[in-house]
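Novice: Would you be able to build a 3D model of this:
(one chain, ligands or ions: 1)
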Amino acid sequence: MKRFPSLPLLLVLPLLALGLSLSAQYPGWQQEADYTMDITMDAEPHQYSGIMELVYTNHSPDRLDRIPFHLFFNAFQPGSMMDVRSRNIVDPDRRVGDRIVNLPEDEWGWIRVHTARVGKTEAEFTTQGTIGWLDLPKALAPGKKVRIHLEWDAQVPRQVRRSGWMNAQGVEFSMTQWYPKACEYDHHGWHTNPYIGREFHGIWGDFDVTIHMPAAYMIGGTGVLQNPEDCGHGYGEGPTPTDGMIDWHFVAEDVIDFAWAADPDFVHKTLEVEGGPTLHFIHQADTSYGAWEELPAIAARAMQYYGEHVGPYPWEQYTVIEGGDGGMEYPMCTLVRGNRNLRSLVGVTAHEMAHAWFQGLLATNESLHEWMDEGFTSWVESEFLAEEFNESRDQPHYWAYGGYLNLVRDGGEEPLSTHADHYVTNRAYGTGAYSKGEVLLNQLAAVIGQEARDAGIRRYYDEWAFKHPGPIDFKRVMERESGLELDTYFQYMLNSTHHVDVAITAVRVTEDSTFIDLERMGKLPLPVDLHITAADGQVMDHHIPQVVTQGHRPLAKGEALLPVWPWTHPTYTVALAGSMPGCTVEVDAAKWTADADRSNNRVELSSGVLQEWRREGGNR
Ligand SMILES: [Zn+2]
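Specialist: Next up, the predicted model:
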């Protein structure tokens, strides 16, 4: 059952029903693609044939002459963009490297659309690499639907990256990015990124998929199985058919993609989450996989944690499937490498499951704004894991900060506004999208406060679920939640490679005062928190706001507010009444900011006498 209004309903509701939640980036429309697919697998040559009836609804204000489709499998051929890119990037992904160019022809991937009709009319379908263009015999007017019929043959590639047959642990079919998938068209236009192995963007729609599969195989995937009694393999009460084909019928509503996996050795168990979806766990029946016994209870807690901290999970099912490589998120399911210890299996599951929110139901264009998917997913994953394993509670995002700052120090950073496919190095993409994206969200608490940040995340869900938000939308939610102006924070974090580094350069203790000199060594201007511990152990907290936020985060009890530090001023002096010989002074003691050099954040005066301390080389 749908727990959200269906997309068409949302779209026909007048703006007043959506109220003030709409902001500049959301134009009030989005396309819809509803698929019915009939798939027949030929397991031995790793080929299949497909028939699709696609109802495509043009909610845009534009007339469309043609509709492009992703044909991802075509990436797995020598000379493809993914192949050449993988061999020429400075720091190749070891999972890909030169594996595509070395695939024998019977292990290539391909999709060949041989029949295309629009309504009853034959239509032209032309393929270039991983994108195919369907010419519409008649332009599709705004508000109109069109029924598209495609038939194709495909060869599943030997598993190189994500999809394919025979992954490293012997799962036979990881069927992801496997069918002609309509490209997204939004108020920014078409998004026909040729596939090179990175991020995705998709249209919400309903999927009705029937897969004819040799009886030996168990299937798990996106959607809810409609005929468990026919399928055996522990799904229904009935016996497992021993020969011939099983027709697996899945239905999924309001999803941006459909993925599945199949293997003869799969076993299957389920767990009902209290007040939430049914979790399915599907993996090979290998006794070394003990971690899979303990995973379900923890996965249920992750589902509940994300539901509380982001918003309710809207689909009735979620499935963790062994397959692919590493871990990869899909609607209502994930494929993960299965042979792992418990901590690793929980870590990957917690990450991929969190994508259900940021990839599946917020569904930002990941190619353009990879940090809003990978970064936010990583953030909530780290929060959950810290609670679940009761570890790194003082800084659950330790690894993200470390990874990001290593890149900053190496000078290898590229702006987060870079298109995911176009980073110069894999490392700058990965560290930017995952680690800096996680830092961006965590560090926001240094600007607006933890409470506003956390409430802002729930508000982001409430206002933007199923609407493809972009960076401005997210910024506006956080601005409305905090009452602060956040242009500068997002501009610097997204469009520059400037970082935070605030130094204490001098401390002077006189008979009746204490002076602390600060210098902004990194160009990213953030508010500064100053923590002072007097010789007698008394602690004092001070907050120095940035002028550009036009306000400051709520102060903690006992925390004192100091005058603003304009970003134009490289230095700042804190003048405190009272002599504090022997005090300890620390900037950002709570470690909210990704301060690139913490060695200059703390000064411990050596004795209880009046003195002047200056950092070497820091005597401005
Ligand atoms: Zn991810």
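
Novice: contacting residues for residue 144?
Specialist: Residues in contact with residue 144 (Cβ atoms under 8 Å, 6 or more residues apart in numbering) are 57-58. Any C-beta I mention is one placed from the backbone N, CA and C, and that applies to glycine too.

Novice: The residue nearest the centre of the chain: what secondary structure?
Specialist: Among the residues of the chain, the one closest to the centroid is residue 373, at 2.4 Å (Cα atoms, centre = their mean). Using DSSP: H, G, I helix; E, B strand; the rest coil, the structure places residue 373 in helix.

Novice: do the same with residue 493
Specialist: helix.

Novice: looking at the protein, which helix or strand is least sure?
Specialist: helix 15-18 (a mean of 34; mean pLDDT, DSSP states H and E).

Novice: Sheet-wise, list the partners of the helix or strand just after that helix with their directions.
Specialist: With elements assigned by DSSP states H and E, the helix or strand that comes after helix 15-18 is strand 32-42. The sheet places strand 32-42 alongside strand 47-57 (antiparallel), strand 205-214 (parallel), with pairing taken from DSSP bridges.

Novice: Ok, which of those strands comes nearest residue 378?
Specialist: Among the strands paired with strand 32-42, strand 205-214 comes nearest to residue 378, with 27.6 Å by Cβ to Cβ.

Novice: which residues make contact with the closest one from outside it?
Specialist: 7, 32-41, 43, 219, 221-223, 244-256, 258, 260, 262.

Novice: Equivalent analysis for stretch 117-136, please.
Specialist: If you take Cβ under 8 Å, 6+ apart as the criterion, stretch 117-136 is touched by 64-72, 74-75, 80-82, 111-113, 116, 137-138, 146-150, 180, 183, 192, 194-195.

Novice: Now, of the residues you listed, which are buried?
Specialist: 64, 67-72, 74-75, 80-82, 111-113, 116, 146, 148-150, 180, 183, 192, 194-195 (16 or more other Cβ atoms under 10 Å).

Novice: which residue ranges form the helices in the stretch 1-150 of the chain?
Specialist: 7-12, 15-18, 81-88 (DSSP state H, counting those that start in this stretch).

Novice: Next: the chain.
Specialist: For the chain, the helices defined by DSSP state H cover 7-12, 15-18, 81-88, 228-231, 291-309, 342-355, 370, 376-388, 398-410, 426-430, 437-448, 450-464, 471-482, 487-495.

Novice: Reformat these as TSV; add distance to residue 328.
Specialist: What follows is these, written out as TSV (distance: least, Cβ to Cβ, whole Å):
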stretch	distance to residue 328
helix 7-12	25
helix 15-18	32
helix 81-88	15
helix 228-231	24
helix 291-309	16
helix 342-355	7
helix 370	14
helix 376-388	12
helix 398-410	20
helix 426-430	14
helix 437-448	17
helix 450-464	22
helix 471-482	24
helix 487-495	25
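
Novice: which one of these lies closest to residue 605?
Specialist: Checking the helices of the chain against residue 605 by Cβ to Cβ gives helix 437-448 as the closest, at 25.7 Å.

Novice: pLDDT on the closest one, on average?
Specialist: The average pLDDT within helix 437-448 is 98.

Novice: Which neighbouring elements make contact with it?
Specialist: Secondary structure elements in contact with helix 437-448, counted by 3 or more Cβ pairs under 8 Å, 6 or more residues apart in numbering; DSSP states H and E, are helix 376-388, helix 398-410, helix 450-464, helix 471-482, helix 487-495.
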